[in-house]
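> Pasting the sequence and the predicted model now:
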Amino acid sequence: MEVADALARGGSASIARTVTADREVEPPFDPAIVAVAGRLAQRMATPERATEKTAYQIRNTAALLVESTGVTDIRHLKQSDIAVFCNTMSQLPPTYRKSAKEKTMPLADIIAAAAKKSTKVGLAPATVNRNIGFIKRFVTHAKAEGITLKEVIEIKDLRERDAQDDQEKVTPFDRLEIRKLFTGSIWSGCQSAARRTTPGKMFIRDGLYWIPLIAAYTGARREEIAGLQKSDILREDEIWAFNFTFTEVRRLKNAQSKRKVPIHEHLIELGLLDHVNKIKTGRIFPELKRKSGLANLGDHIHYNFRNMLDKQLGSIAGERRFHSFRHYVSHPA
């Protein structure tokens, strides 16, 4: 209406353009940060791009950015807001909002409570860098949708240096530990289906039995194995192999994770192919269930595997985890 009024009063086209320039043109998409993040998460929700967990992290980062800065419209996001966001992450305890009490507690109150109790604060460098990376994606996605920011946002100098690389974070198994682990009752005979970590005469060849064995021979990630389908077991040139690829059931960490890995002859001797042949269709470990939409299939075996690890390795078990198989295969000791 301001343009029309200016022209009706005899204003020139240049005056009309000036009036238009002073107004913020509404973009074709909702410029709210949470809305941009939601569209980004939806766009990435394909087997080869992101897991449900990643989509959740994207939305969670957007909510944290809005709450910590008070900025709701991505067009108004400034460089100083990103610095405030990083400062907030440095003051939050790593377990913030994990408890029911903190779910609806304002960030300022969480930070104040942590300071009062001298609680360890500061999100892990990997988490900080992931969240900052998501903000960069928000900005890039907004620009791709025709939403213009008033300031150029730079995040490179705000990233934190992680002193530990992946190999240092996870202690690999050595050969002796591998031998000790697999003499455990899960593989040598258990008491019952309900007491897998107690020695007995029962052999149950399910996901709990097979997944650690496959990891020890392939170095594959737990979720890659847990989501294997019958169609992922291939035979090429007389060689049996696992085909780790993207499916609706199992997503991989990235595109580079797509690969074919030969099935070790010991796994075949133990009866893995017989197990697969018994499966008519679908996943080869159908008993594995997700506890929630954000949970992993492999979480189903975590409790018993952790107990077995503690029983077999004793005091050093706390430094080992399932991912130790991956580093054992990469750097056998």
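That came in fine, so what should we check first?

> Thr198 in helix, strand or coil?
With DSSP: H, G, I helix; E, B strand; the rest coil as the basis, Thr198 sits in strand.

> ok, now which ones touch it?
Thr198 makes contacts with Ser185, Cys190, Gln191, Ser192, as judged by Cβ atoms under 8 Å, 6 or more residues apart in numbering. (Each C-beta comes from the backbone N, C-alpha and C, glycine too.)

> Please render those residues as a markdown table that adds pLDDT to the earlier fields.
Converted to a markdown table, the contacts of Thr198 look like this (pLDDT from 0 to 100):
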| residue | pLDDT |
| --- | --- |
| Ser185 | 97 |
| Cys190 | 96 |
| Gln191 | 96 |
| Ser192 | 96 |
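
> just the buried members of these?
Ser185, Cys190 (16 or more other Cβ atoms under 10 Å).

> Would you mind checking which of the contacts of Thr198 is nearest to Asp232?
Nearest to Asp232 out of the contacts of Thr198 is Cys190 (Cβ to Cβ; 27.3 Å).

> For Ala317, see how far away that closest one is.
The gap separating Cys190 from Ala317 is 19 Å, by Cβ to Cβ, to the nearest Å.

> next one: Pro27
Counting by Cβ to Cβ, the gap from Pro27 to Ala317 is 54 Å.

> Give me the more crowded residue out of these two.
Ala317 (17 against 14; other Cβ atoms under 10 Å).

> separation between the more buried one and Thr198?
For Ala317, the distance to Thr198 - Cβ to Cβ - is 17 Å.

> One more: Gln312?
Distance from Gln312 to Thr198, by Cβ to Cβ: 13 Å.

> How about Lys291?
For Lys291, the distance to Thr198 - Cβ to Cβ - is 24 Å.

> Look at the nearest residue to Gly122 once chain neighbours are set aside and report its pLDDT.
Of all residues not flanking Gly122 in the chain, Ser90 sits nearest, at 5.1 Å (Cβ to Cβ, 6 or more residues apart in numbering). We have a pLDDT of 94 for Ser90.

> Now do the contacts for Ser90.
Counted by Cβ under 8 Å, 6+ apart, Ser90 has contacts Val121, Gly122, Leu123, Val128.

> Would you map the strands across the stretch 151-300 of the chain?
190-192, 195-199, 233-236, 239-244, 259-262 (DSSP state E, counting those that start in this stretch).

> Report the buried residues of the third one.
Going back to what we said before, that points to strand 233-236. Of all the residues in strand 233-236, those buried under the rule 16+ other Cβ under 10 Å are Ile233.

> TSV for the contacts of Ser90, including secondary structure?
Shown next, in TSV, are those (three-state DSSP):
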residue	secondary structure
Val121	coil
Gly122	coil
Leu123	coil
Val128	helix
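
> Filter the residues you listed down to the buried ones.
For those, buried by 16+ other Cβ under 10 Å: Val121, Leu123, Val128.

> Just give me the closest of those residues to Lys78.
When these are compared against Lys78 (criterion: Cβ to Cβ), the nearest one is Val128, at 19.2 Å.

> I'd assumed Cys86 was in contact with that closest one.
Yes - between Val128 and Cys86 there is a contact at 7.0 Å, judged by Cβ atoms under 8 Å.

> I figured Gly184 hits Met308, correct?
Yes - using Cβ under 8 Å, Gly184 makes contact with Met308 at a distance of 4.7 Å.

> residues shared between the contacts of these two?
Thr197.

> so where's this structure shaky on pLDDT?
Where the chain drops to pLDDT under 70, the residues are 1-24, 46-51, 162-168, 247-257, 293-294, 331-333.

> The chain - how does it break down into domains?
31-163, 167-330 (automatic domain parsing).

> For the contacts of Ser90, give me CSV that also has distance to Phe322.
CSV is the format used below for the contacts of Ser90 (distance: Cβ to Cβ, whole Å):
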residue, distance to Phe322
Val121, 29
Gly122, 26
Leu123, 24
Val128, 25
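
> what's in contact with stretch 261-269?
Under Cβ under 8 Å, 6+ apart, the answer for stretch 261-269 is 213-214, 217-218, 220, 233, 239-242, 244, 272-273.

> Buried ones in that stretch, by neighbour count?
Result for stretch 261-269 [16+ other Cβ under 10 Å]: buried residues Ile263, His264, Leu267.

> tell me the contacts of Lys136?
Ile153, Ile155.

> Give me the phi and psi for it.
phi -60, psi -40 (degrees, to the nearest 10).

> For it, give its distance to Ser118.
Lys136 sits at a distance of 34 Å from Ser118 (criterion: Cβ to Cβ).

> Then His327?
34 Å.

> So between these two, which is more surrounded?
For His327 versus Ser118, neighbours defined as other Cβ under 10 Å are more numerous around His327 (21 against 7).

> Once you drop chain neighbours, what's closest to the more buried one?
In space, His327 is closest to Pro172, 3.5 Å off (Cβ to Cβ, 6+ apart).

> For the closest residue to Arg235 other than its chain neighbours, give me its contacts.
Distances taken as Cβ to Cβ, 6+ apart put Ala241 closest to Arg235, at 7.5 Å, once the chain neighbours are dropped. By Cβ under 8 Å, 6+ apart, the residues touching Ala241 are Ile233, Leu234, Arg235, Lys260, Val261, Pro262, Ile263.
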